[in-house]
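1. Model the structure of this input:
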Amino acid sequence: KIANDIKNYMDTSGKTPDFAYKTSLGTYLRYENLVYMYSMILDYYNTSGNKAAFAAMKPWSIISQPVLATFTIDQIKQAATTVRKYIETNRKLPNNVQIGTTKITMPQFLELLTTATIQINNGNNKPIPLRTYCAPSTPSESIIGGLIYKTEYLKIANDIKNYMDTSGKTPDFAYKTSLGTYLRYENLVYMYSMILDYYNTSGNKAAFAAMKPWSIISQPVLATFTIDQIKQAATTVRKYIETNRKLPNNVQIGTTKITMPQFLELLTTATIQINNGNNKPIPLRTYCAPSTPSESIIGGLIYK
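-> This next block holds a predicted model:
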């Protein structure tokens, strides 16, 4: 339709239009982008022999930005492993990550992460250009812990990429996710670092990303314990309960005294990891005690 409108205008007036008017992506699609769009469409026909079903567009202000560098998918995956490890060790985002000789800021890295995630799932191995993006201004979050599955994390990646390609800015959050209304910027960097780290280390696409609120992730880790240490402590606690008919105030693991609220989190995490074949050490954090425990059960078996 746009091609017909342009041709009719030029055949009638002998002039080139300043823009295409009222497109599905916005009111004005400027002249330079029209040349680029139809060059992409005919290049696709030239190289594939097929008619293009669509043209993937960005504002000309983004296209005309200088490309600072280009990186392969493999380079971005390796950097994702580095960033994931940094976050899990330091409980915060790094200021930057080094790829080759280039220092990448986290706003820039989020765009590389989401683009790489999309391309991997489309079987596209083209190098990805690096551009400049503003940092988010007011990240906020309201999510519960849980899983974000592949269909959703790909949708969020496309939303982020479209926003950054349109605005030149980094989003403060992803909006209306399955885990809550706002999934904040820092957690977006962490999520896609986990997804690409998994691809980097396993060679497989992640079926899901296991998420927690950033307020939990960024809590200081007080210690870490192995599965074996937690199992041994579980034996101690079971014996105490069966002897004294009450919970202990704490249990000692190594040189650390663990409260029962903390121990419940270690117990449940260890149970899940054992059943998933995951032997990673488990971090200790602070948790409040419950306020009003209550119960109405009969005796019986709870199966696996």
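
2. all contacts plus neighbour counts: C-alpha atoms, from now on.
-> OK.

3. List the buried residues in the lowest-mean-pLDDT helix or strand in the chain.
-> Using mean pLDDT, DSSP states H and E, the weakest-scoring helix or strand in the chain turns out to be helix 60-63, at a mean of 87. Buried residues in helix 60-63, defined by neighbour count with 16 or more other C-alpha atoms under 10 Å: 60, 62.

4. The helix or strand following it pairs with which strands, parallel or anti?
-> Of the helices and strands lying after helix 60-63 in sequence (DSSP states H and E), the nearest is strand 69-71. Strand 69-71 has its sheet partners listed here by DSSP bridges as strand 128-130 (antiparallel).

5. what mean pLDDT would you report for the strand it pairs with?
-> The predicted model assigns strand 128-130 a mean pLDDT of 96.

6. Contacts for it next, please.
-> 67-73, 108, 112, 115-116 (C-alpha atoms under 8 Å, 6 or more residues apart in numbering).

7. Would you mind listing the buried residues in that strand?
-> Neighbour-count burial for strand 128-130 [16+ other C-alpha under 10 Å]: 128, 130.

8. repeat for stretch 210-229
-> So, applying 16+ other C-alpha under 10 Å, buried residues of stretch 210-229: 211-214, 217-218, 221, 225, 227.

9. could you measure residue 304 against residue 11, distance?
-> According to C-alpha to C-alpha, to the nearest Å, residue 304 and residue 11 sit 74 Å apart.

10. what do you get for residue 63?
-> Residue 63 sits 29 Å away from residue 11, going by C-alpha to C-alpha.

11. for residue 105, same thing?
-> 48 Å.

12. What of residue 73?
-> 45 Å.

13. Repeat that for residue 173.
-> From residue 173 over to residue 11 the distance is 47 Å, taken as C-alpha to C-alpha.

14. which of the residues in whichever strand or helix holds residue 152 are buried?
-> Per DSSP H and E: residue 152 is located in helix 150-167. Going by neighbour count (16+ other C-alpha under 10 Å), the buried part of helix 150-167 is 150, 153-154, 156-161, 163-167.

15. sorry, back to before: just want to know which of residue 105 and residue 11 has more residues nearby.
-> Remark: of residue 105 and residue 11, residue 105 carries more neighbours, 17 against 11, as counted by other C-alpha atoms under 10 Å.

16. Who's the closest spatial neighbour of that one, skipping the chain neighbours?
-> Nearest residue to residue 105, sequence neighbours excluded (C-alpha to C-alpha, 6 or more residues apart in numbering): residue 96, at 4.4 Å.

17. Tell me the confidence at that neighbour?
-> Residue 96 is assigned a pLDDT of 97 by the prediction.

18. Show me where this protein has its helices.
-> Ranges of helices within the chain are 2-13, 31-48, 60-63, 73-90, 106-121, 150-167, 185-202, 214-217, 227-244, 260-275, based on DSSP state H.

19. which stretch in those has the least confidence?
-> helix 60-63 (a mean of 87).

20. Need the contact partners of that one.
-> Counting by C-alpha under 8 Å, 6+ apart, residues outside helix 60-63 touching it are 30, 32-33, 165-166, 168.

21. for stretch 6-19, same thing?
-> Under C-alpha under 8 Å, 6+ apart, the answer for stretch 6-19 is 20, 28-31, 34.

22. Show me which pair in those is furthest apart.
-> For the contacts of stretch 6-19, the maximum inter-member distance is 10.6 Å, found between 28 and 34 (C-alpha to C-alpha).

23. Common neighbours of the two, please.
-> 19-20.

24. Pretty sure residue 206 sits against residue 150.
-> Yes. Here residue 206 reaches residue 150: they are 6.9 Å apart, a contact under C-alpha atoms under 8 Å.

25. which among the contacts of strand 128-130 end up buried?
-> Here, 16+ other C-alpha under 10 Å leaves 71, 73, 108, 112, 115-116 buried among those.
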